[in-house]
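Visitor: Curious how this folds, go ahead:
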Amino acid sequence: MKPVSTVDRGRLRRVSSAQNALLKEMRRAFHQGELTLDGHAAIESVRVVDEAIRAGLRFKAVVFRESAGGVIERMLPQISSHAEAMVVPDKVFEGLVATESPQGIAALVKMRAWKIEDVVAGDAPLVVVAAGLQDPGNLGTVLRSAEAFGATGVVLAGKTVSAFNPKVIRASAGSVFRLPQVVMADADAVRELKARSVRLLGTSSHKGTAIDEADFTGAVAIFIGNEGVGLSREIANALDVTVAIPHSPKVESLNAGVAASLILYEASRQRRLEPRRHGGTEK
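Guide: Residues are numbered from 1 along each chain as shown. Predicted structure coming up:
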């Protein structure tokens, strides 16, 4: 582990007041679950900050609590000297972040600005549309599975929870930093995807084509609906295919994050096999 040098320690500014302007900005971003006015997300924990570093994001500020000496030793040398570095009393830090057992590091990082063209990149994009997801854990899982199974991007439609909610960021395990994502109204999402000849597939609890019988090859968008009411009528009417995951009728429905992960796995499986269907070989 690289030790904190004298020069690095000289970067640390001690701040004792919770009313510091930068701390207030970070606290607001944490508790509102939204970007700051200049496009920064509030993040915390060693793992999440590590993922932001790996993703090459630019840090505006990093804040440590006084008792987190080991975390300072490990993390400070990895963060650009352009970022403001602070150390604050434990009580101030605990009032700053959104978790009950913080690890002692928080930061403001500049998020990438994506466009719909990034989300539908390539000849056969695989897009996930979160259409009204409200649970941060579910959205984080969807983002993580989308990246794991080769999605080109995610559209956050309807009244889906913000991707910058701290719980979403943690549950995504870093995928939120790397995966292209845009926010759109339902109608705009449908229009933009259809204009790019992307087939629209939506999920249903029991009715629809079984996922192993549906075609997920080519340019496809998979719509995942609200945990309680599913997809809006506007979206349901626009779908090319409705798909369902066969399961016991004793279970009313699957968790949205689990359902999305199963469908994305099936899409990935089919897309890996597609070259063979056309006489090609897998690499």
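Visitor: so after the host helix or strand of residue 222, what's the next helix or strand?
Guide: Using DSSP states H and E, the element containing residue 222 is strand 220-225. As assigned by DSSP H and E, the chain's next helix or strand after strand 220-225 is helix 233-238.
Visitor: tell me which strands and helices that next one is in contact with?
Guide: On a contact count with 3 or more C-beta pairs under 8 Å, 6 or more residues apart in numbering; DSSP states H and E, helix 233-238 meets helix 186-195, strand 199-204. Glycine gets a C-beta too; all of them are placed from N, C-alpha and C.
Visitor: Now do it, average pLDDT.
Guide: What helix 233-238 shows for mean pLDDT is 93.
Visitor: same deal with stretch 22-32?
Guide: 95.
Visitor: Could you pull out the buried residues of that stretch?
Guide: 23, 25-27, 29-30 (16 or more other C-beta atoms under 10 Å).
Visitor: and residue 266, that one's in a helix?
Guide: Yes: according to DSSP: H, G, I helix; E, B strand; the rest coil, residue 266 belongs to a helix.
Visitor: follow-up on the earlier one: and which of the buried residues of stretch 22-32 is nearest to residue 152?
Guide: Checking those against residue 152 with C-beta to C-beta, the nearest one is residue 29 at 27.7 Å.
Visitor: Go ahead and confirm that closest one touches residue 42.
Guide: Yes: at 3.7 Å, residue 29 counts as touching residue 42 under the criterion of C-beta atoms under 8 Å.
Visitor: Mutual contacts of these two, please.
Guide: Common contacts of residue 29 and residue 42 (C-beta atoms under 8 Å, 6 or more residues apart in numbering): 36, 108, 164.
Visitor: Same list, the buried residues of stretch 22-32, but as TSV with distance to residue 201 and secondary structure please.
Guide: Shown next, in TSV, are the buried residues of stretch 22-32 (distance: C-beta to C-beta, whole Å; DSSP: H, G, I helix; E, B strand; the rest coil):
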residue	distance to residue 201	secondary structure
23	45	helix
25	41	helix
26	39	helix
27	41	helix
29	35	helix
30	35	helix
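Visitor: what's the closest of those residues to residue 191?
Guide: Using C-beta to C-beta, the buried residues of stretch 22-32 come closest to residue 191 at residue 29, 31.3 Å.
Visitor: who are the neighbours in contact with the closest one?
Guide: Applying C-beta under 8 Å, 6+ apart, the residues contacting residue 29 are 35-36, 40-42, 108, 164.
Visitor: Sort out which residues of stretch 82-98 are buried, please.
Guide: So for stretch 82-98, counting by 16+ other C-beta under 10 Å, buried means 83-89, 92-93, 96-98.
Visitor: Just the element for the most centrally placed residue in the chain, please.
Guide: With distances taken as C-alpha atoms, centre = their mean, the chain has residue 176 as the residue nearest its mean C-alpha position (3.0 Å). Element membership of residue 176, judged by DSSP H and E, is helix 175-178.
Visitor: partners of the helix or strand following that helix, with directions?
Guide: Later in the chain than helix 175-178, the nearest helix or strand by DSSP H and E is strand 181-184. Partners of strand 181-184 in the sheet, by DSSP bridges, are strand 153-157 (parallel).
Visitor: If I take the partner strand and helix 186-195, what angle do their directions form?
Guide: With axes from the mean of the first three to the mean of the last three C-alpha atoms, to 10 degrees applied, the angle from strand 153-157 to helix 186-195 works out at 150 degrees.
Visitor: rewinding a little: tell me which two in the contacts of residue 29 are the farthest apart.
Guide: The most distant members of the contacts of residue 29, if one measures by C-beta to C-beta, are 108 and 164, lying 11.2 Å apart.
Visitor: okay, these two: which has more neighbours?
Guide: More crowded of residue 108 and residue 164, by other C-beta atoms under 10 Å: residue 108, with 25 against 20.
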